[in-house]
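Peer 1: Take a look and give me a structure for this.
(one chain, ligands or ions: 1)
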Amino acid sequence: MQVDKQPLLSINNLNVAVKERNLIHNLSFEIYPQTLTCITGENGVGKTTMVKAILKNFNKNDSVRATIKRSQLQYVPQFRNIDNDYPLTVRDFIGLGLQKSIRPWLSKKEKQVIQKIIKMTNLQELAKTPLGKCSGGEQQRVFLAQALVSDPKLLILDESTASLDKEAKFLLLDVVKEVIKQTGTAVIFITHDPILVKTYGDFDLNISNHHGMLSALKGVK
Ligand SMILES: Nc1ncnc2c1ncn2[C@@H]1O[C@H](COP(=O)(O)OP(=O)(O)OP(=O)(O)O)[C@@H](O)[C@H]1O
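Peer 2: Numbers count the residues shown, from 1 in each chain. Here you go, the predicted structure:
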């Protein structure tokens, strides 16, 4: 696989700290369009804090330079508690990802966008199901779908597969790969699962001993 040589995100000597405790020193790496970069490392090394630092410094100084706007980046957080009786349907929940308009109803174009995303994320059969009745894996696909309606150029998935069984993990990552192929978006995926890194990753940014190292996987050039 040949990557686009123009990175959409360049991290340059970023220092990541929490409450004056340094977690990561002088971190530098690049993210390229249409690639999946896994962020790996032991619990507590600072993966989530690093992502927060990227969001905070986004195009504000040289430590985080992007060729995209902040509005073209979507972050899917690790935890979102959905009660069993959460009433919004999958389709309506996905629609919440649209930019707010003054109209209380969806335009024909907006409906078409949602329909396209529902198809891309394999949620056709669940579109009318209340989100609270969906399984954990299905809910993760819905969170992904909601993030996709604004047509992001970079998606950050924070341990989206953490609570899923093996089959659901692979199903979700198959969908992520298809999304990358169809939309050209880049994905940063925080994970503890070496099999997923090996199966799906184009790059692995491993963080240990306060430093990060990016490696290309599977013949990525
Ligand atoms: N707001 C905060 N106040 C104090 N300490 C914090 C805060 N946020 C994170 N930390 C600490 O910073 C360290 C890094 O946390 P972070 O969540 O970034 O790690 P992580 O690599 O994402 O871990 P995990 O894989 O377990 O999710 C941890 O020791 C955590 O307890």
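Peer 1: Does residue 206 touch residue 212 like I think?
Peer 2: Yes - counting by Cβ atoms under 8 Å, residue 206 does reach residue 212; the two are 6.9 Å apart. C-beta coordinates here come from the backbone N, C-alpha and C atoms, glycine included.
Peer 1: Kindly list the main-chain dihedrals of the residue nearest to residue 135 when sequence neighbours are not counted?
Peer 2: Nearest residue to residue 135 in three dimensions, chain neighbours excluded: residue 168, at 7.3 Å (Cβ to Cβ, 6 or more residues apart in numbering). When read as degrees, to the nearest 10, the backbone of residue 168 gives phi -70, psi -30.
Peer 1: can you check the one 4 residues further on too?
Peer 2: Backbone torsions of residue 172, given as degrees, to the nearest 10, read phi -60, psi -40.
Peer 1: one step back: enumerate every residue touching the residue nearest to residue 135.
Peer 2: By Cβ atoms under 8 Å, 6 or more residues apart in numbering, residue 168 lies in contact with 135-137, 140, 161.
Peer 1: can you put the residues you listed in a markdown table and add neighbour count and secondary structure?
Peer 2: Below are those laid out as a markdown table (neighbours: other Cβ atoms under 10 Å; DSSP: H, G, I helix; E, B strand; the rest coil):
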| residue | neighbour count | secondary structure |
| --- | --- | --- |
| 135 | 12 | coil |
| 136 | 14 | helix |
| 137 | 19 | helix |
| 140 | 26 | helix |
| 161 | 24 | coil |
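Peer 1: any chance of the residues you listed in CSV, plus pLDDT and distance to residue 45?
Peer 2: What follows is those, written out as CSV (pLDDT from 0 to 100; distance: Cβ to Cβ, whole Å):
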residue, pLDDT, distance to residue 45
135, 88, 30
136, 86, 25
137, 86, 26
140, 89, 23
161, 77, 18
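Peer 1: between those, which is nearest residue 153?
Peer 2: Closest approach between these and residue 153, by Cβ to Cβ: residue 140, at 21.1 Å.
Peer 1: ok, now how distant is the closest one from residue 37?
Peer 2: 19 Å (Cβ to Cβ, to the nearest Å).
Peer 1: can you tell me the helix or strand for the closest residue in space to residue 89 that isn't next to it in sequence?
Peer 2: Nearest in space to residue 89, with sequence neighbours left out and distances taken as Cβ to Cβ, 6+ apart, is residue 128 at 5.4 Å. Assigned by DSSP states H and E, residue 128 belongs to no helix or strand.
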